[in-house]
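Generate coordinates for the sequence data below:
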Amino acid sequence: MSLENQLREDMKQALKSGEKDKLTTLRTTISQVKDERIRLMRDLTDADVITVLTRAVKSRKDSIEMYQKGNRQDLVDKETKELEVIQAYLPEQMSEDDVKKELVAIIEATGANDAKDIGKVMGQAMSRLKGKADGKLVQQLARTLLSS
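Sure, this is the predicted structure:
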């Protein structure tokens with residue numbers, strides 16, 4: 001079953017079981033998937049759906065950060081619940097150590113040796129780690145490795 005169909009099935013289950021928060025989150029997410037399908041003018045692969053889900057996770061994390069700065073714990077809790085629902089559909093994220101190992105291999109393969117080569121490293125890294133690791137973490141680790 002495709003990831004998109006899994007989202008739809010889980011939305012039906014949430015509707016039947018009365019899980020309002022999960023239902024709202026899944027409806028929003030399915031709407032974003034539909035928008036992406038219209039934008040690309042083709043059926044979406046699971047990789048495309050994962051890209052949409054990753055964007056949704058990033059958006060929720062940014063919102064949580066902003067709400068924490070504004071001392072809005074009620075909204076932080078709401079966004080955190082939505083984040084948990086969406087993350088359940090994403091592949092397991094790599095640990096920081098695993099990301100670091102991949103980056104070391106990429107740096108050696110590209111011959112990068114200073115911070116000026118961050119573009120080469122990030123291009124390779126994001127193609128290999130897309131959906132498996134957070135882009136901010138990858139960039140932060142790449143900068144650290146290249147500056148040392």
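
rest of the way, CA atoms for contacts and neighbours
Fine.

any idea how the chain splits into domains?
Structurally, the chain divides into domains by automatic domain parsing as follows: 3-87, 96-147.

now the last one, how far from the chain's geometric center?
Going back to what we said before, that points to domain 96-147. Counting by CA atoms, centre = their mean, to the nearest Å, domain 96-147 is centred 17 Å from the centre of its parent chain.

May I have the distance across that domain, first residue to last?
18 Å (CA to CA, to the nearest Å).

Also the first one?
One end of domain 3-87 sits 13 Å from the other (CA to CA).

quick one: average confidence on it?
Average pLDDT, domain 3-87: 94.

cool, and the shortest one?
Domain 96-147 shows an average pLDDT of 84 in the prediction.

In the lengthiest helix in the chain, which residues are buried?
Taking DSSP state H as the criterion, the chain has its longest helix at helix 46-69. For helix 46-69, the neighbour count (16 or more other CA atoms under 10 Å) marks 48-54, 56-58, 60-61, 63-64, 67 as buried.

can you pull out the helices in this protein?
3-17, 20-40, 46-69, 73-87, 96-110, 118-129, 135-147.

what sits up against the second one?
To tie it back to what came earlier, the one meant is helix 20-40. 4, 7-8, 10-11, 14-15, 43-44, 49, 52-53, 56, 81-82, 85-86 (CA atoms under 8 Å, 6 or more residues apart in numbering).

And for stretch 82-97?
3, 21-22, 25-26, 29, 50, 53-54, 56-57, 60-61, 131-134, 137.

mind listing what's buried in that stretch?
So for stretch 82-97, counting by 16+ other CA under 10 Å, buried means E82, L83, V85, I86, Y89, L90.

Find the centremost residue of the protein, please.
The centre of the chain sits closest to T54, judged by CA atoms, centre = their mean, with a distance of 2.5 Å.
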